[in-house]
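In: kindly generate the corresponding structure for this input.
(2 chains)
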Amino acid sequence: MKIAVLSGKGGTGKTFVSVNLACAAGKSAYVDCDVEEPNGHLFLKHDITDRLPVSVTVPQIDANKCTGCRKCVDFCKYNALALIKNELLIFYEVCHSCGGCILFCPEKAFTEKEREIGTIEEGISGEVAVLTGCLNTGEVSGVPIIKGLMEKLPEQGTVVIDCPPGSACVVMESIREADFCVLVAEPTLFGVHNLAMVYDLVKLFNKPFGVVLNKCLPEENPAEQFCVDHKIKVLAKIPFNEELGKLNSRGLIAVRENRQYQELFQRLLNTLEKEAVS
Amino acid sequence: MKVILPVESKSLDAPVCPSFGRTPLFVLFDTESGNHEFLDNGAAASQGGAGIKAAQILVDRGAAALITYRCGENAAEVLNAANVKMYKAQDGSVAENLTKLKDGKLSLLTEIHPGFHNHGGGK
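Out: Numbering: from 1, shown residues only, chains lettered A, B, ... in the order given. Take a look at the predicted model:
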């Protein structure tokens, strides 16, 4: 089963839930799709077995063939091209690799070239196979790296996909292959706003989903109320306590340290298996 | 010589706009004729690369100089390729900045920021 873990903002506990789910499952895979700032490695501390470059296709111009007609400059929605003194300037960091300029050029003055934008790391942490995407600083989009990760997802066993925060293209790409989406939410009004964003997204994609309420306190929980109001299944509640805070700040994995959390995440796994089938 | 400034509204008494790529308007001032003209900034609503597109507009309009508070790396590359001189705007109106340029009281813009999305940093 492929489980995607997402939330509308950073810091709600996506990586905490993902890492602990993968470790509770025993032999499993953890996939870090938060390619702008992958942090699952802080906990898993995996040995890297392979590192593969990820490239995108970008245009390059043959200045002898370019007549300066500007069709490409006018077409480029991302403003990656400029024509100055009849010379074409290409801004690769802004280019989205759409290929439009190459298609539209009447002189066929463009050719394609590969440009590296990041890497995919493979590794192992105990029984957990780790895949980590890493986008180079300054690059415009992590989507090509996440596409690369999706191609490498194991077919069998429990696969936990740690998504980037928010509900933009990178998240859509990260949940594409998921059989089930776990939305992690905080007990604050801001948390509810961010939960609503990912709730809309998973509905749009017709994905089965449920909510994990993280950082639960005894007081009323606006995120729980949101789940009641929208008839969303609450899969698990994780308490807001000092022990978890300490374990996290030391980069330790709760299920590997305390039997109580192993049981909590094992129950969550069982619930997910039941929910994904139904 | 044609001088361009980013401006908040259609008046020479309006302040210079702090943003270059996403200014709502530009004012184009011809120092020989003394005429001026306001241009809509077609780049203002761009998803990305606003500075590049805004710089292209300036070059296409034949600007020889730009007075601005700031300019990003990518826009500066376009402007440099077209030999557009960049001057650092001073607090005050468009008209005051034009007077200072005439009197040689504006310095060249030397600080080029790496862009607000860090797109300029990853070459």
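In: show residues contacting stretch A:228-242.
Out: Taking contacts as Cβ atoms under 8 Å, 6 or more residues apart in numbering or on different chains, the residues outside stretch A:228-242 that touch it are A:13, A:17, A:182, A:187, A:199, A:209-217, A:224, A:226-227, A:244, A:264, A:267-268, A:271-272, A:275. To be clear about C-beta, it is placed using only N, CA and C from the backbone, and glycine gets the same treatment.
In: so residue A:132 sits against residue A:118, correct?
Out: No. Using Cβ atoms under 8 Å, residue A:132 and residue A:118 do not qualify as a contacting pair, with a distance of 10.3 Å.
In: so which of those two has more stuff around it?
Out: Neighbour comparison, residue A:132 and residue A:118: the larger count goes to residue A:132, with 26 against 21 (by other Cβ atoms under 10 Å in any protein chain shown).
In: the host helix or strand of the more buried one packs against which elements?
Out: Element membership of residue A:132 [criterion: DSSP states H and E] is strand A:128-135. For strand A:128-135, the contact count by 3 or more Cβ pairs under 8 Å, 6 or more residues apart in numbering or on different chains; DSSP states H and E identifies strand A:28-32, helix A:41-44, strand A:110-125, helix A:143-151 as packing neighbours.
In: direction included, what does the first one pair against?
Out: Spelled out, it's strand A:28-32. The strands beside strand A:28-32 in its sheet (DSSP bridges) come out as strand A:128-135 (parallel), strand A:158-162 (parallel).
In: what's the neighbour count on residue A:77?
Out: If you count neighbours by other Cβ under 10 Å, residue A:77 ends up with 12.
In: distance of it from residue A:94?
Out: The gap separating residue A:77 from residue A:94 is 11 Å, by Cβ to Cβ, to the nearest Å.
In: what inclination does the strand holding residue A:132 have with respect to helix A:143-151?
Out: For the pair strand A:128-135 and helix A:143-151, the angle between their directions (axes from the mean of the first three to the mean of the last three Cα atoms, to 10 degrees) equals 160 degrees.
In: what's the angle from strand A:128-135 to strand A:110-125?
Out: For strand A:128-135 and strand A:110-125, the angle between their directions (the same axes, to 10 degrees) works out to 150 degrees.
In: using CSV, list the CA coordinates for strand A:128-135.
Out: Output of strand A:128-135 as CSV, limited to C-alpha atoms (Å, rounded to 0.1, in the frame of the first residue of the first chain):
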residue,chain,number,x,y,z
VAL,A,128,13.4,0.8,5.8
ALA,A,129,14.4,1.5,2.2
VAL,A,130,14.9,5.3,1.8
LEU,A,131,14.4,7.4,-1.3
THR,A,132,15.2,11.1,-0.9
GLY,A,133,14.7,13.8,-3.6
CYS,A,134,16.9,16.9,-3.3
LEU,A,135,16.4,20.0,-5.5
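In: off-centre distance for it?
Out: Counting by Cα atoms, centre = their mean, to the nearest Å, strand A:128-135 is centred 11 Å from the centre of its parent chain.
In: would you map the strands across the stretch 101-250 of chain A?
Out: With DSSP state E, counting those that start in this stretch as the criterion, the stretch 101-250 of chain A has strands at A:110-125, A:128-135, A:158-162, A:180-185, A:209-216, A:234-239.
In: rounded mean pLDDT for the shortest one, please.
Out: Same thing as strand A:158-162. Along strand A:158-162, the predicted confidence averages to a pLDDT of 98.
In: ditto for the first one
Out: In this model, strand A:110-125 has a mean pLDDT of 96.
In: buried ones in it?
Out: For strand A:110-125, the neighbour count (16 or more other Cβ atoms under 10 Å in any protein chain shown) marks A:110, A:117, A:118, A:119, A:120, A:121, A:122, A:123, A:125 as buried.
In: distance of the fifth one from chain B?
Out: This points to residue A:120. Here the distance between residue A:120 and chain B works out to 18 Å (Cβ to the nearest Cβ, to the nearest Å).
In: and that residue, what are its bridge partners?
Out: Where residue A:120 sits in a bridge, its partners, by DSSP bridges, are residue A:52, residue A:133.
In: residue contacts, it?
Out: For residue A:120, the contacting residues are A:51, A:52, A:54, A:131, A:132, A:133, A:134, A:145, A:148, A:149, A:152, by Cβ under 8 Å, 6+ apart.
In: surely the fourth one touches residue A:125?
Out: No. Checked against Cβ under 8 Å, the pair residue A:131 and residue A:125 is beyond contact range at 11.4 Å.
In: so what sits against both of these two?
Out: In the contact map built from Cβ under 8 Å, 6+ apart, the residues linked to both residue A:131 and residue A:125 are residue A:30.
In: ok, how many other residues are close to whatever residue of the stretch 101-250 of chain A ends up closest to chain B?
Out: Among the residues of the stretch 101-250 of chain A, residue A:138 lies nearest to chain B; the distance is 2.5 Å by Cβ to the nearest Cβ. Using other Cβ under 10 Å, residue A:138 has 16 neighbouring residues.
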